[in-house]
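K.L.:
Predicted coordinates and the sequence they were generated for:
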Amino acid sequence: MKKLKMGMVGGGSGALIGAVHRRAAIMDGEVEFVAGALSSNREKALASGRELGLTDERNYASWERMLEDELSLQEKERIDFVSIVTPNHMHHPVARAFAEAGFNVVLDKPMVHTSQEAEDLMRVVESSGVVFAVTYTYTGYPMVKQARHMVREGLLGEVRKVIVEYNQGWLASQLEESGTKQAEWRTDPARSGIAGAIGDIGSHAENLVSTITGLEVAEICADLTTFVSGRRLDDDGNLLIRYEGGAKGVMMASQISAGEENDLRIRIYGTEGGLEWRQEEPNYLFHKPAEEPERVLKRGNDYLCEEARRASRLPAGHPEGFIEAFANVYMNVVAAISAKQEQAKPDGLSWDFPTVYDGAQGVHFIEKTVESSRSDEKWSDARWRPPARQRQTL
């Protein structure tokens, strides 16, 4: 299979997530990084491109110039997809422009700032027919796919309760005042959006629950707090959630939990048993049948479901982690784009990645959580009601 040509907007020198995207995309040898507009600053964009080995012709000073010049190339010479890894406020204009022009898009989360922007992107994606992925990274872990399989196969019975938490400590002090770029934009409402911790990592927690269980949020009772003096967005969130069908949930998302690193974990309890998974030990899934001893399922083994086996690159006993999970999102996006180019129908495994609809659901969740926290009402209606045309596509 020919390699797909990848372009990137954002993610230049010093940007952690840009480097992660590039490494993940090329991991399986099916993608080459050929073009980029790697910063909003012209000089930094060009310097970053040279540092990463881009040719002068495809090292762009702005994303607008990149779009214009790529469109001027013959179709077979253009980039096959663009990865957008800018701060949140640039997600909508850049993603919209590339998707409307017919370029496939991989976009970092949260997808956009508002539900209006999300609805606009859904319309553009549907009308253009492009492949559009949102990088909720943790969906790429093999044992998350195994957990989803087990829940959907009914091994837990009817889901009654979900507890999900994402604990970090990196913003326990006012790091944004020290010149740390990642802290600066993530705590700036103009660039990050209306939410801080709940948008940055709470969105991952929401998507993890949705991916594994398929549960739909009905109502939220949220308490968002800004603990660090002078900070303009929440840095800690605690939610009670009622799901459609009667299941109950507890969600915690905190970036002031001193001493924690990247502690995302989920516990799911049904009528027939429970599951537990932790991101910092991602190769193990704990299954707790109601009437049997606890079982530990391990990544890389043949007894796992097809989706989990597909997402494993190494034999059992050889740990895989974050980069590989990220690469699994790209692996399936590449398969979907390749099938589209060959006018072939991709199999279901190829479409196993978060889409524009998952991104829109996440934006809605962030808005409703902020709304609930600001309200004096105990419970806020948080049902997501996409337009009928999009609902049929989900």
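P.N.:
Perfect, thanks for sending it.
K.L.:
pretty sure residue 236 is touching residue 256, no?
P.N.:
Yes: judged on CB atoms under 8 Å, residue 236 makes contact with residue 256 at a distance of 5.4 Å. Where C-beta positions appear, they are placed from N, C-alpha and C, glycine not excepted.
K.L.:
residues shared between the contacts of the two?
P.N.:
Common neighbours of residue 236 and residue 256 (criterion: CB atoms under 8 Å, 6 or more residues apart in numbering): 197, 227.
K.L.:
Who does residue 106 form a beta bridge with?
P.N.:
residue 83, residue 133 (DSSP bridges).
K.L.:
Just give the number of residues close to residue 269.
P.N.:
The burial count assigned to residue 269 is 20, neighbours taken as other CB atoms under 10 Å.
K.L.:
Next: residue 332.
P.N.:
Around residue 332 there are 24 residues (other CB under 10 Å).
K.L.:
Chain neighbours aside, what residue packs nearest to it?
P.N.:
Distances taken as CB to CB, 6 or more residues apart in numbering place residue 353 nearest to residue 332, at 4.5 Å, with adjacent residues excluded.
K.L.:
which phi and psi does that neighbour have?
P.N.:
phi -150, psi 160 (degrees, to the nearest 10).
K.L.:
do residue 267 as well
P.N.:
Dihedral angles for residue 267 - degrees, to the nearest 10 - are phi -130, psi 130.
K.L.:
Residue 162 now?
P.N.:
Dihedral angles for residue 162 - degrees, to the nearest 10 - are phi -130, psi 130.
K.L.:
And the nearest residue to it once chain neighbours are set aside, what's its pLDDT?
P.N.:
In space, residue 162 comes closest to residue 249 once its chain neighbours are excluded; the distance is 4.4 Å by CB to CB, 6+ apart. pLDDT recorded at residue 249 is 98.
K.L.:
Residue 207 too?
P.N.:
At residue 207, the pLDDT recorded in the model is 98.
K.L.:
In three-state terms, label residue 127 for me.
P.N.:
The assignment at residue 127 comes out as helix when based on DSSP: H, G, I helix; E, B strand; the rest coil.
K.L.:
re earlier: run through the residues that contact the residue nearest to residue 332.
P.N.:
133, 139-140, 329, 332-333, 336.
K.L.:
Nearest to residue 374 among the residues you listed?
P.N.:
Distances from residue 374 to the contacts of residue 353, taken as CB to CB, are shortest for residue 139 (29.7 Å).
K.L.:
what are the phi and psi angles of that closest one?
P.N.:
Here is the backbone geometry of residue 139 (degrees, to the nearest 10): phi -70, psi -20.
K.L.:
Tell me, how many residues neighbour the residue lying closest to it once chain neighbours are set aside?
P.N.:
Nearest non-adjacent residue to residue 139, counting by CB to CB, 6+ apart: residue 211, 5.1 Å away. Counted by other CB under 10 Å, the residues lying close to residue 211 total 20.
K.L.:
about what we covered before: measure the residue nearest to residue 332 to residue 325 for me?
P.N.:
Distance of residue 353 to residue 325, computed by CB to CB, to the nearest Å: 11 Å.
K.L.:
quick one: common contacting residues for those two?
P.N.:
By CB under 8 Å, 6+ apart, the residues touching both residue 353 and residue 325 are 139-140.
K.L.:
so the residue nearest to residue 139 makes contact with residue 134?
P.N.:
No: in this structure residue 211 lies outside contact range of residue 134 using CB under 8 Å: 11.7 Å.
K.L.:
What segments of the protein are strands?
P.N.:
4-9, 31-37, 81-84, 104-107, 132-134, 159-167, 217-225, 236-243, 248-254, 263-270, 273-278, 284-289, 295-298, 380-381 (DSSP state E).
K.L.:
Next, count neighbours for residue 271.
P.N.:
Residue 271 has 11 nearby residues by other CB under 10 Å.
K.L.:
Kindly report the same for residue 218.
P.N.:
Neighbourhood size, residue 218 [other CB under 10 Å]: 17.
K.L.:
In contact with it, which residues?
P.N.:
So residue 218 contacts 242-244, 381-383 (CB under 8 Å, 6+ apart).
K.L.:
Can I get the buried part of these as one ChimeraX selection?
P.N.:
Listed next is the ChimeraX selection for buried residues among the contacts of residue 218, using 16 or more other CB atoms under 10 Å:
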select :242,243,382
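K.L.:
For the contacts of residue 218, which two are the farthest from each other?
P.N.:
243 and 381 (13.0 Å).
K.L.:
what about the residue nearest to residue 162, distance to residue 382?
P.N.:
On the measure of CB to CB, residue 249 and residue 382 end up 11 Å apart.
K.L.:
Now do the shared contacts for those two.
P.N.:
Joint contacts of residue 249 and residue 382 (CB under 8 Å, 6+ apart) are residue 241.
K.L.:
List phi and psi for the residue most central in space within the chain.
P.N.:
With distances taken as CA atoms, centre = their mean, residue 136 lies nearest the centre of the chain, 1.7 Å away. When quoted as degrees, to the nearest 10, the phi and psi of residue 136 stand at phi -80, psi 90.
K.L.:
before we move on, back to that, quick one: the residue nearest to residue 139 and residue 330, what's the gap?
P.N.:
17 Å.
K.L.:
hang on, isn't residue 164 packed against residue 207?
P.N.:
No: counting by CB under 8 Å, no contact exists between residue 164 and residue 207, whose distance comes to 10.0 Å.
K.L.:
All set now, cheers.
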